[in-house]
Each structure stands twice: as C-alpha cells, then as structure tokens.
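Enquirer: no sequence on this one, just coordinates:
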Ligand code: ZN
C-alpha cells in the first residue's frame, strides 16, 4: 500500500510516496510559488501514483476543526498569495483519496513516535527552529489541537542581559521566534548563523531562549522526550548548550533521572533527520487509512 505525503513549507514543498511503514520510495521538491502553480505541480506528480491515502503537513495557521466551513484551509498566513487557501479541498477533488491534515510539526512528532527517536512514547514534543519556530505536541498518543493548534514559537521569553536586539516578529517583536529564529539571527548580526563562528555569543543567546521554551514545555506538558529539529539546529555546538541551560533554568526543581542524569537522551536531534517533516506527512496519511 502506497501513501503520498506533502510537507508544505513556506519556502518549499517536499512531496513523494512511501510504504505505510515509512520506507520512502520517492521524494521530490519544488519551491513555494503561488498556490495555483505549486499545488498543480504537486497534484500532477500524484496523478499516476495510485496512492491509498495522502498526508499533508502544512505551515500555518491552518484550520483543523472538522465540520468548520474552512476545514483544511491555510488561513491567515502573512505569506503572500497563500491566505485562505483550501489545500485539502484541492487535493481531495483531484485525487479522491482520504487525506490526513495537520501542522508540519504535529506530523513530525507523529512520525518520530512511529518510526524515530520517540518510538513507543505517548507524550513527546517536536520543535523546529529555522525560518520560523514551531512545535508539535503528542499527549497520550493524541496530537494536540485545542482551539487551533499549538503555536509555541511565539511564547514570550526573558531577554538575555547581553542581547539588545529589538526582535523581528511582526506580531510580538521580541517573542521566542522574534529573538531566536534563523531570520532573527540574520537581522541581529547582518549575516546568517552558519557564517558566525561556533563560539559566537549568538549561540549562548539561542540556547538561553530555546531552553526557556523547553522548560515551559517540561513544566506544562511533562513530555517523555523532546526532539529539536530545523535548520538552526544543524549547528552542532548548540544542543549541548541547550542541555546545560535547561538544567540551569530548572535549577533542580524537577527531580527525574531523565533530566538530572540523562538529558542527552531526553532532549535529542530528530532520528529521522531532515526526513522528519516529510515522514510526518506520511504518518498523517497513514492515520486516515
Ligand atoms: Zn511572535
């Protein structure tokens, strides 16, 4: 049985087919242009693939409320041309297969729990730190939706004493995404993170901000493991700094061995690596078979 997957990102779409056990058979990429252009490129690809179901993990905000008149839409995104786009309806009409739809990060945590570093865990979180910051949350094996879906990239954080950057979020200025996303690093220093030395103070700032999100998640969701992905996390010096900061900020308050003794196995890189998003879409497709 073949499952189609679409990781719909603000910069590029990754799409392809896989077995229901997450073995990727083919994967393609195209840049995100207008919905008319990009959705047609993707649907043309699937026309002769004989998939049994399709999963779409999308950038947001999206409407996940079954029965809502705008279910399956990308709703109020500031991304030009993509506001109010009926992405599920488009593929439903052309492909006539069941469609699983969720945020890209909710898909990613589902895939990590099926095939990756959170296998057999019922409570876990996936955070991506890249062009934006987002997170997917699995609680008792259910993806969290609630009134919308988690948008934890925009939590408010305490600013580092040595950081005078005003922040780059158009909604909140100095929220987490405004201080720690890839574009925030670039705006602060005038160059990308990958152009900065590995001992640059920006990595201390990053660790401080990301650790605040992780501490908030640990204190609210009590996850059994947290996975950190996205382009900024390709900086290998960052993860150990985050481990230290999480312990410093918690200050011994949560006395569990996962944090006190084994934090390297508790806050981890995606074991599905850069396929986490695409396999997330496959996992969403698998969920509707
Ligand atoms: Zn924000």
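Expert: Looks like it came in fine. Please read all numbers here as calculations on a predicted model, not as lab measurements. Numbering: from 1, shown residues only.
Enquirer: right, and residue 98 touches residue 55 too?
Expert: No: assessed by C-beta atoms under 8 Å, residue 98 is found out of contact with residue 55, at 9.5 Å. Quick note: C-beta positions are derived from backbone N, CA and C, even for glycine.
Enquirer: okay, these two: which has more neighbours?
Expert: Between residue 98 and residue 55, counted using other C-beta atoms under 10 Å, the more crowded position is residue 55 (31 against 15).
Enquirer: Angles on the backbone of the spatially most central residue of the chain, please.
Expert: Ranked by distance to the mean C-alpha position of the chain (C-alpha atoms, centre = their mean), the top residue is residue 105 at 3.0 Å. The phi and psi torsions at residue 105 (degrees, to the nearest 10) take the values phi -80, psi -30.
Enquirer: Next one: it from residue 138, what distance?
Expert: Using C-beta to C-beta, to the nearest Å, residue 105 is found at 11 Å from residue 138.
Enquirer: and what of residue 287?
Expert: Noted for residue 287: a distance of 12 Å to residue 138, by C-beta to C-beta.
Enquirer: neighbour-wise, which of these two wins?
Expert: A side-by-side neighbour count of residue 287 and residue 138, using other C-beta under 10 Å, places residue 138 first with 23 against 18.
Enquirer: So in that sheet, which strands flank the host helix or strand of the more buried one, and in what orientation?
Expert: Assigned by DSSP states H and E, residue 138 belongs to strand 133-139. Each strand paired with strand 133-139, and its direction, by DSSP bridges: strand 124-129 (antiparallel), strand 142-143 (antiparallel).
Enquirer: what's the burial count for residue 157?
Expert: A count of nearby residues for residue 157, using other C-beta under 10 Å, gives 20.
Enquirer: what is in contact with residue 98 and residue 55 at once?
Expert: Applying C-beta atoms under 8 Å, 6 or more residues apart in numbering, one finds that residue 98 and residue 55 are jointly contacted by 285, 288.
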